[in-house]
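Novice: Here's a sequence, model it:
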Amino acid sequence: MTAQFRVLGTLEVTSHGRPVPLPAGHSRVVLAGLLLRANEVVSVEQLTRWLWDGAPPNPDRAVKTIHMIMTRLRKALGEANVVVTTATGYVARVEPDQLDLTRFRALVTSGAHTEALALWRGPALTDVVSDSLHQDEIAALEEDRLAALELRVDDDLARGRHLDVLPELRALTRQHPLRERFWSQLVLALYRAGQQADALSAYREVTRLFARELGSRPGAQLRELHQQILAGAVAPPPVRVPRQLPAPCPFFVGRTGELAALDALVGPAAMTVAVISGAAGLGKTTLAVQWAHTVAERFPDGQLYVNLRGYDATAPVPPADALRAFLEALDVPPEQIASTVDARAAQFRGLLADRRVLVLLDNARDAEHVRPLLPANPGCLVLVTSRNQLSGLVAKEGARPISLPTLDDDHAATLLGLHLGEQRLRSDPDAVAGLVAGCAGLPLALSLVAARAALDPGAALRDLAAELADATARLDVAVVDDDAPVSLRSVFSTSYRQLGPETARAFRQLSLHPGRGAGVHAAAALFDVPVATARRLLTELKRAHLLNEQAPGRFEYHDLLCAYAYELCLEHDPEPERRIARHRALDFYLHCAEVADGQLPGGRAPIGIDPLHRPAEPPVIDSTEAATAWFAAETPNLVAAVELAAALGWPTHAWQLVYAVARHLWLGTDHRTLGRIARTALGGAAEEPRAHRLMLQYLGTAHYGLGEHEEALTWFRRATEVSASVSPAAHARALQSEGLALDRLRRYDEAEQQYLAALEIAGADAGEVEPVIRHNLACTYRATGRHADAQRELHRAIELYGEIELRGASGGPIGILQAHDELAKVHLDLGELAEAETSARAAADLAREYAGLPLQAEMLVLLGDVLHRAGADPTPHWEQALAIYEEIGATEADGVRERLQAVRNV
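Specialist: As a prediction, this is how the structure comes out:
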């Protein structure tokens with residue numbers, strides 16, 4: 001994420017790697033409190049307590065002041081703003097990796113105590129002044145830090161680092177003399193370091209301390225340790241051994257041949273690799289985990305496990321990440337873990353050089369996914385599961401292949417019995433035989449059928465078996481996995497054939513939805529039914545174990561079921577019906593994205609989005625918060641919708657979807673996704689100049705947001721070429737974008753050329769963009785010392801901003817204010833003090849009427865500076881500015897005080 005927030009030390013915010021200056025005083029209290037309760041709504045009453053420490057102003061004033069503080073805070077944060085208003089208060093919405101406190105807690109939970117404590121830069125939030133906040137939140141946070149520190153010391157003691165931790169423990173017992181855990185650790189470390197007399201002396205010291213301060217003895221644990229030292233019975237430090245194997249499956253049957261083959265691999269010979277391969281659903285992981293538990297004791301130095309997720313819809317786990325997890329499990333401090341995959345692999349091999357460790361690599365995609373994770377020494381064994389045979393690993397590394405077949409009939413029946421109970425199976429052995437035959441020995445299929453039967457204990461197994469026997473078409477698993485053709489169609493059809501016609505149609509056509517998970521409203525549009533009906537249909541499919549509800553109101557298939565559903569859709573739903581269903585789905589996302597975009601701040605001109613199939617019951621998106629939440633949930637589906645539209649040859653859907661989602665991605669600084677979808681839609685947009693220009697513009701915007709200004713300039717220039725055929729205003733905006741990129745690159749002469757070209761081309765159609773261009777051009781002129789030119793452009797910008805104001809459009813007064821601000825500085829540069837005063841007074845007057853307090857104060861300081869240069873009295877204006885800065889807790893108050901002090905000392 002581009003925005004980062006830190007509370008474990010002084011309050012800090014960065015955006016794109018650069019510090020974000022924060023106002024002092026109340027704004028810091030509010031931001032700190034919201035971050036300490038990140039993603040939780042904080043009430044106005046709670047904020048009032050933190051801001052005024054139990055002595056607030058009257059309620060109305062408190063609410064208004066908090067609103068003003070929030071406005072100032074959001075402006076200060078800019079792109080890094082995460083503060084959202086809700087019906088009951090305010091909330092800081094941050095991702096887990098954006099906030100150091102969230103990362104700290106996650107690292108502590110995972111046992112990475114050293115890495116967690118490294119996030120602390122000092123005492124928490126010492127620069128935030130609020131007794132109530134420190135009492136309510138920060139005291140508990142300090143307790144969390146001390147608890148993590150205790151756990152980290154335990155880690156050091158477990159690793160035998162007794163001498164290393166002694167200086168730290170002596171300091172900790174001085175700093176926290178009544179914290180018994182540190183005394184216990186100190187006594188234990190002294191004893192294990194061979195300093196028994198010092199250990200006993202430390203025990204006597206804490207005993208006297210507790211008697212004097214608490215009137216009590218040390219706790220039972222410390223007293224027991226003392227007795228063990230006296231008796232010479234202190235246990236040796238435990239050696240921490242990683243034991244990461246998942247729990248074995250309770251429904252494991254058969255596989256005797258494969259288990260024997262695995263048993264034969266265990267021995268003192270060279271390091272062994274075994275590959276269990278087979279189709280999806282054959283039970284590869286179940287077999288691997290079951291066997292690993294039976295031989296775990298033969299690998300006394302530990303068992304390591306990672307799910308490489310080689311076939312997940314998301315990206316597989318990179319070898320570098322898997323190696324990092326292994327190294328941490330082997331007690332390598334985070335700061336000592338190498339940065340590259342090759343170096344981490346070397347570290348891993350070195351650590352296992354003298355150990356006997358079992359390594360289970362689950363769900364590998366290919367041989368390259370596995371190779372960096374292989375140890376090199378005899379005594380270790382690596383067990384790999386994959387849908388591929390990994391023939392490269394067999395050929396080059398000598399891996400032992402174990403191909404997993406389907407279960408035989410007896411073991412299949414046993415597996416059903418484990419799920420359903422032997423009594424139910426004995427009631428109808430013929431039905432059991434039918435179920436076994438229908439499932440074709442596939443454990444996944446057997447489990448699905450058993451789950452179906454278990455949900456309806458009164459149903460006759462013969463009915464279920466008859467459905468399987470009648471199935472004529474069978475899903476060819478080779479479509480999903482080429483390793484082992486296995487029939488699934490008959491298995492899935494047992495649930496499908498139970499569905500009514502409407503539910504069956506929903507099951508089939510949901511496979512046409514773009515993206516993995518569909519919400520109820522999107523499904524209603526896809527099915528062309530009311531939302532209530534869609535919810536009922538999806539719930540029926542969930543109960544039949546044909547869908548999973550990944551989150552409330554959002555449903556998705558298992559991947560094999562999706563393949564089955566899509567095949568059924570191709571078979572039963574005519575192509576025109578499939579086409580119009582997809583059209584409805586894309587129109588749903590286009591309509592909702594346009595509505596949500598309209599709720600985001602900073603409106604823009606419509607482009608005439610007019611979906612053919614507007615949803616009859618769209619979700620309610622009637623506020624900025626609702627729009628942001630909808631975009632957050634649906635962005636993966638919107639990306640998939642763009643890609644589907646492009647693949648289907650529907651370019652208008654593709655580029656209009658990009659347009660509708662672009663501002664959300666920009667405001668959320670998701671520049672990479674913006675670039676991805678703009679590139680996807682670019683080819684199809686080439687025939688329509690307006691669309692082509694927009695996609696090129698978004699590609700430039702994405703690179704600009706990523707700080708890649710050279711690349712941004714390239715795309716902006718391509719947009720400029722296309723925009724010439726769109727409209728003069730579009731052409732001017734494209735040139736303006738070029739100018740901004742050139743400004744960032746400090747190529748001021750070229751930036752000037754683009755601004756001038758934009759003004760010339762736009763002409764009478766420049767509209768609201770012309771004063772912005774002229775203002776930016778003036779800033780470039782001033783930066784290069786061309787003050788007369790800067791004055792000319794600023795005067796013209798002021799005129800144009802005035803015309804905008806007369807038309808009732810937004811931005812006019814603030815634009816005039818900012819132009820006068822810049823104009824006053826130009827006059828000051830030239831020593832034109834009377835003219836500077838005129839502009840400064842105009843800016844101050846406009847700020848008083850239209851701007852917030854910070855800008856009001858800034859303009860008063862400017863006016864005072866001008867008057868001081870002219871020999872007039874600046875103090876009334878500086879004093880007003882100081883009063884504002886003090887009221888809002890701004891750090892700029894110090895500079896104003898220095899000005900006033902200097903004048904008074906003269």
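Novice: secondary structure class for residue 54?
Specialist: Applying DSSP: H, G, I helix; E, B strand; the rest coil to residue 54 yields a three-state assignment of coil.
Novice: Now it: closest residue in space, sequence neighbours ignored.
Specialist: Distances taken as C-beta to C-beta, 6 or more residues apart in numbering place residue 132 nearest to residue 54, at 6.5 Å, with adjacent residues excluded. Using the backbone N, CA and C atoms, a C-beta is placed for each residue, glycine as well.
Novice: For burial, what's the neighbour tally of that neighbour?
Specialist: By other C-beta atoms under 10 Å, the residues close to residue 132 number 17.
Novice: what about the strands in the stretch 151-300 of the chain?
Specialist: 272-277 (DSSP state E, counting those that start in this stretch).
Novice: Sorry, slip of the keys, the one I care about is the stretch 401-550 of the chain.
Specialist: Going by DSSP E, counting those that start in this stretch, the stretch 401-550 of the chain shows strands at 518-519, 548-551.
Novice: which stretch in the ones you listed is the model least sure about?
Specialist: Lowest mean pLDDT within the strands of the stretch 401-550 of the chain: strand 548-551, at a mean of 76.
Novice: That strand pairs with which strands, and in what direction?
Specialist: strand 554-556 (antiparallel) (DSSP bridges).
Novice: Give me the average confidence score over the partner strand.
Specialist: Mean predicted lDDT for strand 554-556 stands at 89.
Novice: Remind me what the helix or strand that comes right after that strand packs against, helices and strands.
Specialist: Next helix or strand after strand 554-556 toward the C-terminus (DSSP states H and E): helix 559-572. Secondary-structure packing of helix 559-572 (3 or more C-beta pairs under 8 Å, 6 or more residues apart in numbering; DSSP states H and E): helix 489-496, helix 501-509.
Novice: Just the buried residues of whatever helix or strand comes next after helix 559-572, please?
Specialist: Note on helix 559-572: by DSSP H and E, the next helix or strand toward the C-terminus is helix 575-599. Neighbour-count burial for helix 575-599 flags 578, 581-597, 599 (criterion: 16 or more other C-beta atoms under 10 Å).
Novice: mind saving the C-alpha coords of stretch 364-372 as CSV?
Specialist: Coordinates of the C-alpha atoms in stretch 364-372 are reproduced here as CSV (Å, rounded to 0.1, in the frame of the first residue of the first chain):
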residue,chain,number,x,y,z
ALA,A,364,3.0,-27.7,-6.0
ARG,A,365,2.4,-26.4,-9.5
ASP,A,366,5.6,-27.6,-11.2
ALA,A,367,9.2,-28.6,-10.6
GLU,A,368,10.5,-25.0,-10.4
HIS,A,369,8.0,-24.3,-7.7
VAL,A,370,9.7,-27.0,-5.6
ARG,A,371,13.4,-26.9,-6.4
PRO,A,372,14.4,-24.0,-4.1
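Novice: Please point out which parts of it sit buried.
Specialist: Residues of stretch 364-372 classed as buried by neighbour count (16+ other C-beta under 10 Å): 364, 365, 367, 369, 370, 372.
Novice: what's the answer for stretch 562-570, then?
Specialist: 562, 563, 564, 565, 566, 567, 568, 569.
Novice: With stretch 822-838 instead?
Specialist: Applying a neighbour-count criterion of 16+ other C-beta under 10 Å, the buried positions in stretch 822-838 are 822-828, 832-833, 835-838.
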